[in-house]
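Q: Here is a sequence with its predicted model. Questions after.
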Amino acid sequence: MLNNVAAVLLDGVHPFELGVVCEVFGLDRGDEGLPVYDFAVVSAEGPRLRTHAGFDVVAPYDLDRLDEADLIAVPAGDSFTDREFPPELLKALVRAVDRGAWVLSVCSGVFAVAAAGLLDGRRCAAHWRHLELLSRRYPQVRVEPDVLYVEDAGVITSAGTAAGIDACLHLVRREQGTAVANAIARRMVVPPHREGGQAQYVARPLPRATSDTVTGVLSWMERHLDRELTVDELAARAHMSPRTFARRFQQETGTTPYRWLLGQRVLLARELLEGTDHTVDAVAVRAGFGNAATMRHHFTRWTGTTPQAYRRTFRDPECTLSVWTGPRKSRYAPAGSGRPGDTPGSPAAPPTAVSSDSTV
């Protein structure tokens, strides 16, 4: 369950990264039928903190507030890459994960999570500028290069500012369903879903076509998920050869056309399972899988659970795509994680970060 959220600040906090957490979890959207979180801003170093931008912020809560949070978010901060973190903060982060709460970092906040030992043996994301330093300083951490965010056993790490938005919406989607995450994204005017394995925006020498680009093809693909699509057809629409299109697609999205299409189809299937009465067979056809067996195969690989189990968890009988009916317990946390809603034998969700190893 995700009701109680705390953003913990250190001296030098970056205002924008703090604002990401505040915008997703600190804004009252109850008049739209969306969840209202018990949100608190916590200081780890005294009530008044200096921001990276040169002004001060006053945090009304101290570290004791973290012990009741379902989610502790650690925004980025100045000099996080080479500073010591308060021992009491690190202990609080460990206690949170031990009792089944979430810990989420935005950009360089990952260094505080790593200092707590929570990333030892876990996969994590980091801003591309910090990858080498994080790997060198914390060799037990499995740093995933060039991804937006990673979820692994109760800890979510994100690569940069915009990736922090993606990570927060991913957690909302995981705990409270696609309808809630999409509604929040609409209010924020941001994409409702970007897979964790999508490439970070590292500068690359990418020549631009004078007509249609990969971006235009992506929009077209989203509108035609129920069609049988081939790389040849997509390349022709982009006015490129198939090899050039496949290479450009990989460079701009970090994955293959096939993998990207699968992810979008799974996302559409989740929306339909949550917000319609369509049978699983009908959902499979509408989402472009063709039949229930194929959808079940891909859906389970991507989400860690079956379509039927997903619908039971995230959809109430009176639910629609635009109305949130209350908090739901997630049954899909990794086995033994202690996540609220875990039951013996419930399906386990693998660490979430889509890799780019699929072939076209």
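A: Sure, I can see it. Not measured: the values here are computed from a predicted model. Numbering: from 1, shown residues only.
Q: From the chain's centroid, how far away is stretch 85-95?
A: Between the centre of stretch 85-95 and the centre of its host chain there is 23 Å, according to Cα atoms, centre = their mean, to the nearest Å.
Q: Quick check: mean pLDDT of that stretch?
A: Confidence over stretch 85-95, taken as the mean pLDDT, stands at 94.
Q: List the contacts of that stretch.
A: 8, 10, 44-45, 63, 66-67, 72, 74, 103, 111-113, 115-118 (Cβ atoms under 8 Å, 6 or more residues apart in numbering). No exception for glycine: its C-beta is placed from N, CA and C like everyone else's.
Q: let's go with 7 Å and repeat that
A: Counting by Cβ atoms under 7 Å, 6 or more residues apart in numbering, the neighbours of stretch 85-95 from elsewhere in the structure are 8, 44-45, 63, 66-67, 72, 103, 112-113, 115-118.
Q: Most neighbours of all those residues, which one?
A: Val8 (30 neighbours; other Cβ atoms under 10 Å).
Q: Secondary structure element for that one, which one?
A: In this structure, Val8 is located in strand 4-9 according to DSSP states H and E.
Q: Pull out the buried residues from that strand.
A: Within strand 4-9, the residues that count as buried by 16 or more other Cβ atoms under 10 Å are 4-9.
Q: next SSE after the helix of greatest length in the chain?
A: When the chain is parsed with DSSP state H, its longest helix is helix 257-275. Secondary structure here is assigned by DSSP H and E; on that basis, the next helix or strand after helix 257-275 toward the C-terminus is helix 280-286.
Q: got a list of contacts for that following helix?
A: Contacts of helix 280-286 from elsewhere in the structure, counted by Cβ under 7 Å, 6+ apart, are 226, 269, 272-273, 278, 290-292, 294-295, 307-308.
Q: mind putting those in JSON lines, neighbour count included?
A: Written out in JSON lines, the entries for the contacts of helix 280-286 read as follows (neighbours: other Cβ atoms under 10 Å):
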{"residue": "Asp226", "neighbour count": "15"}
{"residue": "Ala269", "neighbour count": "28"}
{"residue": "Leu272", "neighbour count": "22"}
{"residue": "Leu273", "neighbour count": "25"}
{"residue": "His278", "neighbour count": "15"}
{"residue": "Gly290", "neighbour count": "13"}
{"residue": "Asn291", "neighbour count": "11"}
{"residue": "Ala292", "neighbour count": "18"}
{"residue": "Thr294", "neighbour count": "13"}
{"residue": "Met295", "neighbour count": "24"}
{"residue": "Pro307", "neighbour count": "24"}
{"residue": "Gln308", "neighbour count": "13"}
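Q: can you give me the helices in the stretch 151-300 of the chain?
A: Along the stretch 151-300 of the chain, the stretches classed as helices by DSSP state H, counting those that start in this stretch are 161-176, 178-188, 214-223, 231-237, 242-253, 257-275, 280-286, 292-303.
Q: before we move on, what about the stretch 1-150 of the chain?
A: 15-25, 87-98, 110-115, 131-137.
Q: Out of the ones you listed, which is closest to Thr313?
A: Judged by Cβ to Cβ, the one of the helices of the stretch 1-150 of the chain that comes nearest to Thr313 is helix 15-25, at 21.3 Å.
Q: what's the closest one packed up against?
A: Packing contacts for helix 15-25, counted by 3 or more Cβ pairs under 7 Å, 6 or more residues apart in numbering; DSSP states H and E, involve strand 4-9, strand 102-106, helix 161-176.
Q: okay, now Arg48: neighbour count?
A: 11.
Q: Please tell me how far it sits from Asp11.
A: The span separating Arg48 from Asp11 equals 9 Å under the rule Cβ to Cβ, to the nearest Å.
Q: can you count the residues close to the closest residue to Arg122 other than its chain neighbours?
A: Excluding the flanking residues, the one nearest Arg122 by Cβ to Cβ, 6 or more residues apart in numbering is Asp152, at 4.3 Å. Counted with other Cβ under 10 Å, the burial measure for Asp152 works out to 21 neighbours.
Q: Kind regards, and thank you for your time.
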